[in-house]
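Q: Structure for this input, please:
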Amino acid sequence: MTVLAAGLALLGSLFFALGAALQQFEAAGTSGPAVRRLLRRPRWLLGGLAIGAGTALHVVALAYGPLTVVQPMGVASLLFALPCAAALHRRRIRPGELGAAAVIAVGLVGLVLVVPQHSGSPYLGTGEAVALLGGAAAAALALWAAARRASPAARAVLLATGAGVLYGATATLARVLVDGNRELWFLAAAPVPALIALALLQRAYAIGHFGVAFAALQVADPLTAVTFGALLLGEPLPTGATSLLTALAAAALTAAGTVALARTTPMSPASGPAAR
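A: The predicted model follows:
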């Protein structure tokens, strides 16, 4: 069953990567609030379906194998996404891009595996839920404001990080709805950060630095979920010298890989279908 879980998670990562590459290809070169225009593009919608299929496969994989097996397989989406994007833009992938992505993937796997698993049911009070949504919104707003004055590559990173923070908040709220308390207003509020995250992510994709934007999303989403889980749900963080050193080394690898990816990945052409 563990092999089946790993295979399903790996296939889910491929679907997720393909969907992200398709959406970035359509978003490249757009400016302003482009989501409504993108909703009329079949290839962008196909990308959304692929992302949905990848997420569903990841959830099914969790039914057949432990989180410690399934989550590291999800990190492979970064390694799949770069060749998919390069093929769509009809260019060859650079060895440096894959090398930097591999460094980020190793760092992410290290961070995922070092976080202790929590077996209890999560509970979120009204005050904590407001803090969750307010904190995520404030962080995303600050990142968006900083992005307005940044270089193109840094702007893509900041916007994608903001999207990752909001997706992490959505995941935390979803986990509470599935396994813990089921407040009606939680259910109504959950789509709001996800929709704002979608808009921020498309702005990041429109800039053209897909590799580093997708990497920033992959890093920010799980780290935000872990942070909110620790602060608001009482979930454990790594303890002990070995775990802390591993977490620091993994974080350093992730940061170094992201910087390297920003320097090695070329900007996607802004003359794609969304730019015309």
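Q: what about Phe186, which helix or strand?
A: Element membership for Phe186 (DSSP states H and E) is helix 184-189.
Q: So for that helix, what gets flagged as buried?
A: Buried positions in helix 184-189, judged by neighbour count with 16 or more other CB atoms under 10 Å: Phe186, Ala189. For the C-beta atoms, the positions are set from N, CA and C on the backbone; glycine is no exception.
Q: Does anything pack onto it? Which helices or strands?
A: helix 126-147, helix 152-179 (3 or more CB pairs under 8 Å, 6 or more residues apart in numbering; DSSP states H and E).
Q: end-to-end on stretch 24-36?
A: 15 Å (CA to CA, to the nearest Å).
Q: Now do it, average pLDDT.
A: When pLDDT is averaged over stretch 24-36, the result is 72.
Q: Equivalent analysis for stretch 182-198, please.
A: Here stretch 182-198 scores 89 as its mean pLDDT.
Q: Span of it from start to end?
A: 24 Å.
Q: got any ranges where the stretch 151-276 of the chain has weak pLDDT?
A: 180, 266-276 (pLDDT under 70).
Q: so how many other residues sit close to the spatially closest residue to Tyr64 that is not a sequence neighbour?
A: The spatial neighbour of Tyr64 that comes closest, neighbours along the chain excluded (CB to CB, 6 or more residues apart in numbering), is Ala5 at 4.1 Å. Other residues near Ala5 come to 21 when the count uses other CB atoms under 10 Å.
Q: Wait, Ala5 touches Leu57, no?
A: No. Using CB atoms under 8 Å, Ala5 is not in contact with Leu57, being 10.3 Å away.
Q: follow-up on the earlier one: which of the helices and strands packed on helix 184-189 sits most buried?
A: Counting by mean count of other CB atoms under 10 Å, helix 152-179 has the highest mean neighbour count of the helices and strands packed on helix 184-189, with a mean of 24.
Q: mind checking how far that one is from the chain centre?
A: Offset of helix 152-179 from its chain centre (CA atoms, centre = their mean, to the nearest Å): 7 Å.
Q: Just the helices from the stretch 1-150 of the chain, written as ranges.
A: Assigned by DSSP state H, counting those that start in this stretch, the stretch 1-150 of the chain shows helices spanning 2-27, 35-38, 42-64, 67-74, 77-88, 95-114, 126-147.
Q: Give me the angle between the last one and helix 152-179.
A: Angle of helix 126-147 versus helix 152-179, following axes from the mean of the first three to the mean of the last three CA atoms, to 10 degrees, is 170 degrees.
Q: what separates helix 126-147 from the chain centre, distance-wise?
A: So, by CA atoms, centre = their mean, the centroid of helix 126-147 is 17 Å from its chain's centroid.
Q: any idea of the mean pLDDT in it?
A: Mean predicted lDDT for helix 126-147 stands at 94.
Q: which helices and strands does that helix pack with?
A: helix 152-179, helix 184-189, helix 191-207, helix 210-232.
Q: Ok, the shortest one next?
A: Counting contacts by 3+ CB pairs under 8 Å, 6+ apart, helix 35-38 is packed against helix 2-27, helix 191-207.
Q: Against which helices or strands is the last one packed?
A: Think helix 191-207. Counting by 3+ CB pairs under 8 Å, 6+ apart, helix 191-207 packs on helix 2-27, helix 35-38, helix 126-147, helix 152-179, helix 210-232.
Q: Which of those sits closest to Ser243?
A: Proximity to Ser243, assessed across those by CB to CB, is greatest for helix 210-232 (13.2 Å).
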